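# fold the following.
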Amino acid sequence: MNYQWRSCKFAGPMLPGYEDREISEHWHERAKSAPDVFCYPQVDSWRETLWGLLSDYLTAGVKAAFVDSPPEYIVSDDLSWLDEIIFEATGKVVDIKQLTADRMRAHYRGFRAVHGTRTDDLAPFYRNGLRILRSAEIEDRARSIFLNGRFRHASEERLHEAIKDVDARNEGGGREGRLWLCADERSLTTRPGGAGHYLVYGSEYLYCLGIRVATTRETKEALKSVGRPTVFVCDVPMQLMRSATLPMFAGLILEYMFCELIDDLQAHALSPGSGSGFSIPYDLPADWIVGHYHPENIHDPM
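Numbering: from 1, shown residues only. The predicted model follows:
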């Protein structure tokens, strides 16, 4: 279901400020990212660079061997199919996924990504940067929204039970101490089954608490009344990327590059159904925020 900000009767106003930092919603209409910033969906910006960075392993012979006899399964998570082709064509033993990640980290200064939220005030973001989830802050926010007397069944007791139930501080839960981003903006805005709920309702943890303290309908209406859906475009420093994140993208990139060599092959990577979410365990300083935009039409998976 699509959410449209202009027709939402609950939408609230934005505080003024930082209008000069607003950029186009369409990445192809923006200024190109710097050559030392990797931008995943802009294939033309990195295709030849990566073929060049890996030319000692991804030789003409490797490409020819792939085209002559493509593997039955070309997947990004397990690149043993490509490691085997490289060994047969060159005699070199390599973990090409890890090698690609290492060379990307050495070549690029930053990794272009976006963070989605809902806010009525841009100032905290441009002053303090994007911050990892601190559960206590969201819980206080839940108190201010849901325990203000407007919701009949909401209570501090229900909030305590909700906090216990969601268990955001559990290290395996993927919430506390993480900042979530997407490398492909479609995952936030238009992809069915994507992450558009961050834009429509804001913090996922806040939403999860709300539907336990109040009703789902009340929670949705309350959170939709806060400002506007907001996407922050960022250049994440390579040193902030988790050790497992770049190999994940390296696999997706190599799958795409090799599938391009054969007309009939379609890579899952960068397809409309492909996800691109990742997290970093650090706050992202405001200096690394490129700009923001307010999407008006969003696919709401909720």
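# what does the one helix or strand in the chain whose mean pLDDT sits lowest rub up against?
The helix or strand of the chain with the poorest confidence is strand 2-4; it has a mean of 81 (mean pLDDT, DSSP states H and E). Strand 2-4 is contacted from outside by 196, 199-200, 229, 296-300, using Cβ atoms under 8 Å, 6 or more residues apart in numbering. Backbone N, C-alpha and C define where each C-beta goes, glycine included.
# could you do stretch 128-136 as well?
Outside of stretch 128-136, the residues that reach it under the criterion Cβ under 8 Å, 6+ apart are 115, 163, 168-169, 175-179, 203, 205, 232, 234, 280-289.
# quick one, what contacts residue 202?
The neighbourhood of residue 202, defined by Cβ under 8 Å, 6+ apart, consists of 117-119, 223, 226.
# least confident pick among these?
Across the set of the contacts of residue 202, residue 226 stands lowest in pLDDT, at 92.
# hang on, that residue in a helix?
No. Residue 226 sits outside any helix when classified using DSSP: H, G, I helix; E, B strand; the rest coil, being coil.
# residue 120 versus that one, what's the distance?
Between residue 226 and residue 120 the computed distance is 5 Å (Cβ to Cβ, to the nearest Å).
# any shared contact partners between these two?
Overlap between the contact sets of residue 226 and residue 120, as judged by Cβ under 8 Å, 6+ apart, is given by residue 12.
# more neighbours, those two?
Neighbours per residue (other Cβ atoms under 10 Å) separate residue 226 from residue 120, with residue 226 holding more: 21 against 14.
# which residues of the protein fall in helices?
In chain order, the chain shows helices spanning 43-53, 60-68, 80-90, 96-107, 123-128, 135-146, 156-166, 186-189, 197-201, 204-213, 216-224, 245-259, with DSSP state H as the criterion.
# domain map for this structure?
The record's domain parsing of the chain by automatic domain parsing lists 1-24+109-241+281-302, 37-108+243-274.
# what's the spacing between the shortest one and its chain's center?
This means domain 37-108+243-274. Mean C-alpha position of domain 37-108+243-274 versus that of the full chain (Cα atoms, centre = their mean, to the nearest Å) differs by 21 Å.
# for the longest one, same thing?
The offset between the C-alpha centroid of domain 1-24+109-241+281-302 and the centroid of the whole chain comes to 13 Å, using Cα atoms, centre = their mean.
# and the end-to-end length of it?
Domain 1-24+109-241+281-302 stretches 8 Å from its first residue to its last (Cα to Cα, to the nearest Å).
# for the residue positioned nearest the centre of the chain, what are its contacts?
Compute the mean C-alpha point of the chain, and by Cα atoms, centre = their mean the closest residue is residue 182, 1.2 Å away. Contacts for residue 182 were tallied using Cβ under 8 Å, 6+ apart; they are 113-116, 188, 195, 276-278.
# in its sheet, what does the least confident helix or strand of the chain sit against?
Here the strand partners of strand 2-4, with direction, are listed using DSSP bridges: strand 297-299 (antiparallel).
# mean confidence for the partner strand?
What strand 297-299 shows for mean pLDDT is 88.
# hmm, who's touching it?
Identification of contacts with strand 297-299 by Cβ under 8 Å, 6+ apart yields 1-5, 188-192, 194, 196, 199-200, 229.
# counting neighbours, which of the contacts of residue 202 end up buried?
Of all the contacts of residue 202 considered here, the ones buried according to neighbour count by 16 or more other Cβ atoms under 10 Å are 117-119, 223, 226.
# just to revisit the earlier point, ok, of the contacts of residue 182, which one's closest to residue 10?
Proximity of the contacts of residue 182 to residue 10, judged by Cβ to Cβ, is greatest for residue 116, which lies at 18.4 Å.
# against residue 191, how distant is the closest one?
Counting by Cβ to Cβ, the gap between residue 116 and residue 191 amounts to 12 Å.
# tell me which of the two has more neighbours.
Between residue 116 and residue 191, residue 116 has the larger neighbour count (other Cβ under 10 Å), namely 25 against 21.
# who's the more buried one bridged to?
Applying DSSP bridges to residue 116 yields these beta-bridge partners: residue 231.
# quick check, it in contact with residue 195.
Yes. With contacts counted by Cβ atoms under 8 Å, residue 116 reaches residue 195, the gap being 6.6 Å.
# for the nearest residue to residue 295 once chain neighbours are set aside, give me its contacts.
When the adjacent residues along the chain are set aside, residue 295 lies closest to residue 189, with 5.0 Å between them (Cβ to Cβ, 6 or more residues apart in numbering). Counting by Cβ under 8 Å, 6+ apart, residue 189 touches 196, 199, 231, 295, 297-299.
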